[in-house]
Structure formats: structure tokens, C-alpha cells
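Novice: No sequence on hand, only this structure:
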């Protein structure tokens, strides 16, 4: 146990794990949490280039049941996700909950430092010890982004965060990968017009566990609300026991957040009682396993071949038409030395 | 050679390959092309459940250099990608080019049969033998979507299509996977307002090889055009030899398509002369290899474990907190029998 160790060692080289880090994260030390998040974020990527696995000192933070309520907030760019997440965090804090925020959105002011950032940051009390905001770079993870997010959520939960808000861009189907981590998915929509309303009416919309029509003070919000409601009527629900609520919110004007938090709380209770929670945990576990498997393939197969130059050679032969992609893939799999 | 074989055999069970199919695709037979596309689309998925590989009869269609100009068209939902792709196809046909269209967009009228579909379909002459439109289901590919798209593009090129337009939703970074197949990426933007303009000005925008401001007749188009242009000024270009053009288009009013086609043609020529083309082919080959590797992992590792029930057992142990994701992933890799 090194709980009293000087915090100076937290500035040691980025890839070394200070002794006792896991215990200090569990004790709620902010500097330790920040360091652990940096370490687990870089793990899949480092693993890919160095062959490294999870350091044993960190492993205890990355296993076991996640105790936090993990809420994924998704929607197209410009839907106002960041402002909503900022407001949600403030309201949850007012209710006394410890809140972690992970922004996995390249256009998020949390991660991108965009022009909108100041406005949102002002809304979030920076010195609050019950709030921890962290961005996740969405590039350069070599397919390890989903795993990095899983691990960062686990670390936040281990540090005592009761709710972890994960902000992602979710317009593409593939992004759902990151949302495999969430207990509750909030889909944020804007007041829509024309084509978008038609698409909504035709049921072509991702379905969250909770739907938010944001910017509810703008024209078109009521029509959008009705279109979403009718889209839900024709959509087949993956969870028949849960009626997806549609909540009108204006994050910027701080309206509707109470209703949203109530909806989140109802979904949390829904998951904690009955078969839906078990089903969700299995889905999350399957996502996490696939994410870990991709990282392991990268570490055990791609990294050694890259180091030896064989990967580039296979790519060149594929580019020149000498090999098919399937032949090259079989050659990669065949190189595995268990 | 079975070129004269009755087309009746094309209605044989979906997973069997009629004799001589590859030759018939190469000869430009539409029914053969349709059948081959269905076969290669379902391959990654079928492989995952049955352990099957590419049938030898299809393999010749899936290797070698792709001769078509592959144009990826991406942008957020509602950007008007489908209408633009429909118009592009018509204008390319007027220039005598044989055109294939692959719609990998869940909200595309090409793939979804949405309410907007009729309008777009009217713009595309259905009986034109030089045009082939095909949708790709974006769900249910178990990670094999990117590979399915690569293969479908290869089949279209083998059937003599000179330009293949691939329509995808690309707001999320992860969707770029599908765009790894493209020679030229067209990013479609709408006239933006408020937050979106701020994001553009801050340079937070995906960069295509060609940028389109669609619906250029609507208010805000000029401001968006300027914001995109200045975003390009601060973005770091992955291809210093190519100055990304910004083209104002109104697909619905059929305006600006000539300029867009000219920009596409200039990019094609740029790739065919000089190092940029080789670099692009290597990037495409690396994407295709990763996609094929994922499918091979699914087929050789996940499928056998799923069949034996061990996969579900690992998922359950991960869900209950008994195993970490990394331990479960190592167990999966360790099961490989080369």
C-alpha cells in the first residue's frame, strides 16, 4: 500500500504504472484517476506496437461487475450532445451523485476544445470533487477505441463514479460499438425539417432507450416529437418490457432535464429488476469480448508481422493484385504462435 | 464455359455458385452480376456460421487490381447523398460511362425503400444496361460489412462498371472503414447554421478528396462554402499534391453536377499519375486486409466457439465478473487450431 506516496511519481513516464495506483484510484484520488485513465486509454494502442498486455497492477480495475450507471449519449453532430451532457452532469451532481463524463466525440468541446467549449465548461463546476470529465481521442486507436472506452468506464466506476456519461457521435451504425458499453442509451435529436421528418416517419432512426428532442424551444420540435413517437410505434423493440420515453429538452435553456433524469432512473431500475438487466449485461460482455479480441489480434498477430516487415509485404502483394485479401488474411492467421 | 446455360439456375439455393458464374459476370450478364453480388455479400456472414470460405468459382472475381474508379459518397443523414448519387449516375451515363451504385446507408431510399425513394428512382433509368444499383444491408454483418463492400465493389468492377459509387453514412469516424474502399471520397455537407458553422470554422469536419456543399440554393450555402474553405486551410492534408476542391451543388435542381464530375475526373487523373495513386492503393489494401482478417477471425475463432457453446460460456463468465475481457480474449485466441 502506497496511499501516502508523493503525487510527484504520477508524472513518471506515461507507460509505467506507479505502485499502488489501483488502491489510490479506489480511494478516489483525482490525480490517480487521471493517470489510470491515461494508462488504460493508451493500452490497446501500445499493446499493438509493443506486444504489451495489461500491467498486473492495473488489472484489478478492469475486471468484475461495473457498479456505475453507464449512460451513452449519442446523436448527429450539432444535435447539442455536449451541452446536454454538461447540463445532465450538473443536475445529477445537485442530486448528490458522483458523475464521470467520457467524451468520445471528435467534435465535442470536451475533447476538441472547440469554440463552443467555454460555454459548456462554464456550466460545469471544475473544482467539484464529485465530477470528473475526460475526453477520449477517437483517432489513432487502430480498432482499439471500443476497448479503450470500456476500460475507461471501468476505471471511472472503480473510482466511485455512480453515473458515467459517455458522449459519442452515433449517426453511423458502426459507432454503436462504443455504445455496447452503455446500460442506457440516450439518442439526441434536433427539431427536424423536411427529409428528416420523412425519414423519422418511415421509422428510419436509431432507437435509444430514451429519446430526447433537444432544442425543444425551436420551431419544428412538436412535429419532431410526434414523428419520433410514431417511429417508435412501428419500430420493433429489442426490449418488450420497456416503453421508450420521448423527452423534450432544451439543454441550453436548462429545461426538461428533470424529466430526462427521471427517465434515466426508471430505465436503471428497469434493468436492475427482471431479465432485461441480465440480457443487457450479456450484450455488454459480448461487445467487450469482441473489442478485447480485436485488440488481442492486433497485439498478437498484426504487431509482430508489422515489426518484421511481413505485414507491409502482404499489403503490397494485395495492392498489386498478386494475392487476394482472403489469402493474405489466412497468411496472417497462420502466423499465430499460441 | 456455360455462357448459354439457362438462367433458371440463377434461382438455385442462395449459397450455391452456379457453374461459370464468374465468366458470365465478366461478360456483363445482369442476372449473373445480381447473383454474384448476393453471394459475396452473404459470404462473410455465412462463413462466420458455417466455417465456409470463398467458393473457388467466385475467387477470380475477388482478386487482382480493381479497374473501376471507386467513388465514396458520404455525409450525415439528410445531407441529400442519395439524390446526389442518383444525379451523378445519370450524368455519368450521359457521358457514356458504365456505372455501378452500392448504397450502404440504412436511411438510403436505395436500400431502405423510404418515402423519398420514388423521387430518386424516377431520376434513374431502370432499364439502362450500363447502370446497376444495389443496396447493402448495413446490419447483421457481424463486423463483415467492410469486407462485403470491398467484395461487391470488386464484382461490380469485374462486370465492367467503370465508375462505382458507394453511398455511406460517414458522420462517425468508424464508418471510414467502408470508405477504405474508395479511390475518391466525396463529403456531402448541407448549408449549415449556428453550431455547425462554428464547428466548420474550427476545422472539426471530416475531409473528403472532394467537398460538396449540397442544396446550394438554400440560405446559408455561401457561408457554409466559406467555412468549409477556411476549414480546409487549417486542416493538414494527407495528400499535399491535391488541393481539395469545394463544389456547390443542388442535386434536386440538377445544378453543379458538371463541376462535380470534373472534380472527380481530376482526382482520378491525379491518382493515376504520380505517387498518390500508389499510396492510396496501399491504404486500400491495408483496409481490405484488416477487413478480411476480421472475417477470418470470426470464421476460424468465433464461429467454432459459438457452435460448441464455449463463446456463450466465456460471455457469461465475463458478464458475471469472473473473467476479465483480456483473459476471455486470450482464451479465444488460444483456441485457434492453425
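Specialist: Yep, it's here. Computed from a predicted structure; not experimentally measured.
Novice: And the helices in the stretch 151-300 of chain A?
Specialist: Counting by DSSP state H, counting those that start in this stretch, one finds helices in the stretch 151-300 of chain A at the ranges A:176-179, A:195-201, A:221-234, A:257-272, A:275-297.
Novice: Single out the most deeply packed of the ones you listed.
Specialist: Most buried of the helices of the stretch 151-300 of chain A, by mean neighbour count (mean count of other Cβ atoms under 10 Å in any protein chain shown): helix A:176-179, with a mean of 24. All C-beta spots, glycine's among them, are computed from the backbone N, C-alpha and C.
Novice: Could you pull up the mean pLDDT of that helix?
Specialist: The pLDDT scores in helix A:176-179 average 64.
Novice: again with stretch A:211-220
Specialist: 91.
Novice: buried stuff in that stretch?
Specialist: A:211-216, A:220 (16 or more other Cβ atoms under 10 Å in any protein chain shown).
Novice: now do stretch A:312-321
Specialist: Neighbour counts using 16+ other Cβ under 10 Å place A:314-319 of stretch A:312-321 among the buried residues.
Novice: Keep only those of these that are in helices.
Specialist: Among those, the ones falling in helices (DSSP state H) are A:314-319.
Novice: Retrieve the pLDDT associated with residue A:246.
Specialist: 95.
Novice: Who is the closest residue to it other than its chain neighbours paired with across the strands?
Specialist: Leaving aside its chain neighbours, residue A:246 sits nearest to residue A:211 (4.5 Å; criterion: Cβ to Cβ, 6 or more residues apart in numbering or on different chains). Beta-bridge pairing of residue A:211 under DSSP bridges involves residue A:187, residue A:246.
Novice: show me the contacts for residue A:211.
Specialist: Applying Cβ atoms under 8 Å, 6 or more residues apart in numbering or on different chains to residue A:211 gives the contacts A:186-187, A:189, A:228, A:232, A:244-247.
Novice: pLDDT at the residue nearest to residue A:275 when sequence neighbours are not counted, what is it?
Specialist: Spatial nearest neighbour of residue A:275, excluding adjacent residues (Cβ to Cβ, 6+ apart): residue A:241 at 7.9 Å. Confidence at residue A:241, expressed as pLDDT, is 89.
Novice: how much space between residue A:241 and chain B?
Specialist: 19 Å (Cβ to the nearest Cβ, to the nearest Å).
Novice: go on, residue A:329?
Specialist: Taking Cβ to the nearest Cβ as the measure, residue A:329 and chain B are separated by 4 Å.
Novice: quick one: least confident helix or strand in chain A?
Specialist: Least confident helix or strand, chain A: helix A:117-123 with a mean of 41, by mean pLDDT, DSSP states H and E.
Novice: Tell me which helix or strand comes right after that one.
Specialist: strand A:131-135 (DSSP states H and E).
Novice: any chance you could read off phi and psi for the closest residue to residue A:92 other than its chain neighbours?
Specialist: Setting aside the residues directly before and after it, residue A:92 is nearest to residue A:99 in space (Cβ to Cβ, 6+ apart), at 4.9 Å. The phi and psi values for residue A:99, taken as degrees, to the nearest 10, are phi -130, psi 130.
Novice: how about residue A:99, what does it touch?
Specialist: By Cβ under 8 Å, 6+ apart, the residues touching residue A:99 are A:89, A:92-93, A:130-132, A:161-165.
Novice: before we move on, what about residue A:100?
Specialist: Neighbouring residues of residue A:100 by Cβ under 8 Å, 6+ apart: A:68, A:131-134, A:153, A:156-157, A:159, A:161, A:163-165.
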